[in-house]
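Chemist: no FASTA, just this:
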Ligand code: UDX
Ligand code: ADP
């Protein structure tokens, strides 16, 4: 088996950055170069000041500090890193298409294809190419076809090695994965490539947790895992609405369900809706694939998970409007949190964007505080979603770096992200400085509602009937 001495990772984002940092930390004998076209991002990865890393993940700074400059490098010279590497990870982004066929549903493979073409052009020696980004099933075949066209006489082995890390816990997930999935061709050479990658993970992951499969199983497993997890959230969210009208409490139901060992207690937290770069995209991919094979019932089945999620976000916003006496026109609504979950600065598909958008349609004035998300990011999230003029978004969205300022004089507070710090705020002080009646809409069920009510707040909790 060929020994891997140099790795290149194309794409220094939420997946590529943390994954390579951990692989480098655990494999000091392998030189790893992470490359990206985005110069600012690379500059931030190389910043002496570790608080400036482009991605916020608890514990990531320590791992980067240990490996960076030793065997972990961040660079903008993509060609050079590809040329020198024995193994190339593709970790570029695969957003949902915003145009043309499959718009709003299929993954946009533009970046993947560009990346494959670049590898094909540059490579002069045999390479193992690992797809790391979330991809629709059978992308590996497309990558292989592009690579095989080069005519340089170079041989490529394609592996699928999907990422299961969750943002906010990326480093611990990487250090202690439930399993690592490696899919590859079942030929002799394919199996050799699988083992080469398995030995890299073997530096810290027990062999029995490294699952070897064929390419298509590996690609489909990633979509399936995310679809199942998202389905659980949509299932509990569907029950949350029923609880609200019937007088049940979704937290009590979730507890009763979660203690059934056949079901288990994870992913049963009712919320304003799931977000993140994976769930929606992966389900849409699944739906798109099913449809393209003519499996309409399969497609409809999974699509319902998304429909439920959209409904949950919309009804949260509607509830704010109804509760505030059917109008939020000109009213200050304060948002605590913008990220799609705590401990990350990622905002992709965050429920906050949708809720803000719906409230802006009603002419509300949104004031946001999030400990890690920048104003620029929030505005670009809104601009991306809404068709209204950019100036209109600026007019309706004010971003604060001080939470108390964001909450001052507000007619209502909406909690959109479950950041821990929100729990320890001085809620009495917040109450005193708000418009009355003072409403809190806890979209994450994280605050102590009994305490808030004793102060005088009127609290709306997801899934709690009156
Ligand atoms: C997910 C998968 O967990 C991970 O394995 C995959 O590699 C990428 O997609 P991530 O998107 O980072 O990870 O976050 P995750 O923790 O799965 O949460 C997704 C969304 O569901 C978040 O918005 C979260 O707040 C929401 N959620 C999760 C709930 O609303 N309730 C829950 O009980 C759990
Ligand atoms: P993910 O969550 O999948 O990691 P990100 O958007 O955070 O997604 O990261 C993907 C990164 O890939 C971006 O920083 C983007 O600039 C980079 N990228 C996309 N295409 C290329 C390419 N052809 N060469 C180098 N970097 C690329």
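Modeler: In hand now; what should we look at? Everything quoted here is computed from the prediction, not taken from an experiment. Ligands and ions are numbered 1, 2, ... in the order given.
Chemist: what's near enough to touch the one residue in the stretch 151-300 of the chain that gets nearest to ligand 2?
Modeler: Taking CB to the nearest ligand atom, ligand 2 has its nearest neighbour within the stretch 151-300 of the chain at residue 277, 5.1 Å off. (Each C-beta comes from the backbone N, C-alpha and C, glycine too.) By CB atoms under 8 Å, 6 or more residues apart in numbering, the contact list for residue 277 reads 14, 95, 134, 346, 348-349.
Chemist: give me that answer again for 6 Å
Modeler: residue 348 (CB atoms under 6 Å, 6 or more residues apart in numbering).
Chemist: And residue 14, by the same measure?
Modeler: With contact set as CB under 6 Å, 6+ apart, residue 14 has these partners: 55, 346.
Chemist: Can you pull the phi/psi pair for it?
Modeler: In terms of degrees, to the nearest 10, the main-chain angles of residue 14 are phi -60, psi -30.
Chemist: how much space between it and ligand 1?
Modeler: 8 Å (CB to the nearest ligand atom, to the nearest Å).
Chemist: can you list the residues of the stretch 201-350 of the chain near ligand 1?
Modeler: Within the stretch 201-350 of the chain, the residues that sit near ligand 1 (CB under 6 Å from any ligand atom) are 226, 229, 233, 267-269, 271, 274-276, 278-279, 340-341.
Chemist: Just the ones in helices from those residues, please.
Modeler: Within those, membership in helices is found for 226, 229, 233, 279, as judged by DSSP state H.
Chemist: in stretch 61-73, what counts as buried?
Modeler: When burial is assessed from 16 or more other CB atoms under 10 Å, stretch 61-73 yields the following buried residues: 61, 63-64, 67-68, 71-73.
Chemist: Which single one of those is nearest to ligand 2?
Modeler: Of all the buried residues of stretch 61-73, ligand 2 sits closest to residue 73, with 14.5 Å by CB to the nearest ligand atom.
Chemist: Spit out the contact partners of the closest one.
Modeler: For residue 73, counting by CB under 6 Å, 6+ apart, the contacting residues are residue 33.
Chemist: Specify the local secondary structure of it.
Modeler: Under DSSP: H, G, I helix; E, B strand; the rest coil, residue 73 falls in the strand class.
Chemist: how close does it get to residue 37?
Modeler: According to CB to CB, to the nearest Å, residue 73 stands 16 Å off from residue 37.
Chemist: ok, now residue 230?
Modeler: Here residue 230 is placed at a distance of 30 Å from residue 37 (CB to CB).
Chemist: which of these two has more neighbours?
Modeler: residue 230 (23 against 15; other CB atoms under 10 Å).
Chemist: List the single closest residue to that one in space, sequence neighbours excluded.
Modeler: residue 279 (4.1 Å; CB to CB, 6 or more residues apart in numbering).
Chemist: Likewise for residue 168?
Modeler: The spatially closest residue to residue 168, leaving aside those adjacent along the chain, is residue 343, at 3.5 Å (CB to CB, 6+ apart).
Chemist: I'd say the one you found and residue 167 touch.
Modeler: No. Using CB atoms under 6 Å as the test, residue 343 is too far from residue 167 to be in contact (7.6 Å).
Chemist: Spatially nearest residue to residue 320 (excluding sequence neighbours)?
Modeler: If the residues on either side of it in the chain are set aside, residue 320 comes closest to residue 441, at 5.5 Å by CB to CB, 6+ apart.
Chemist: Same check on residue 21?
Modeler: Using CB to CB, 6+ apart, the nearest residue to residue 21 is residue 63, at 4.6 Å.
Chemist: ok, now residue 233?
Modeler: The shortest distance from residue 233 to any non-neighbouring residue, by CB to CB, 6+ apart, is to residue 274 (4.7 Å).
Chemist: Contact partners for that neighbour?
Modeler: By CB under 6 Å, 6+ apart, the contact set of residue 274 is 230, 233, 309.
Chemist: Confirm the residue nearest to residue 320 sits in a strand?
Modeler: Yes. Using three-state DSSP, the assignment for residue 441 is a strand.
Chemist: Okay, and the beta partners of it?
Modeler: Listed beta-bridge partners, residue 441: residue 414, residue 460 (assigned using DSSP bridges).
Chemist: just for the stretch 101-250 of the chain, where's the confidence low?
Modeler: Within the stretch 101-250 of the chain, the set of residues satisfying pLDDT under 70 comprises 151.
Chemist: Spell out, range by range, the strands that occur in it.
Modeler: If you assign secondary structure with DSSP state E, counting those that start in this stretch, the strands in the stretch 101-250 of the chain sit at 127-131, 156-160, 180-184, 210-214.
Chemist: any chance of the ones you listed in a markdown table, plus distance to ligand 2?
Modeler: Output for those, formatted as a markdown table (distance: least, CB to the nearest ligand atom, whole Å):
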| stretch | distance to ligand 2 |
| --- | --- |
| strand 127-131 | 11 |
| strand 156-160 | 15 |
| strand 180-184 | 17 |
| strand 210-214 | 21 |
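Chemist: In a markdown table, list those along with mean neighbour count and distance to residue 288.
Modeler: As requested, these are exported to a markdown table (neighbours: other CB atoms under 10 Å; distance: least, CB to CB, whole Å):
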| stretch | mean neighbour count | distance to residue 288 |
| --- | --- | --- |
| strand 127-131 | 25 | 18 |
| strand 156-160 | 24 | 18 |
| strand 180-184 | 24 | 20 |
| strand 210-214 | 16 | 21 |
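Chemist: Show me which of the ones in helices among the residues of the stretch 201-350 of the chain next to ligand 1 are buried.
Modeler: Burial of these was assessed by neighbour count (16+ other CB under 10 Å); the buried members are 226, 229, 233, 279.
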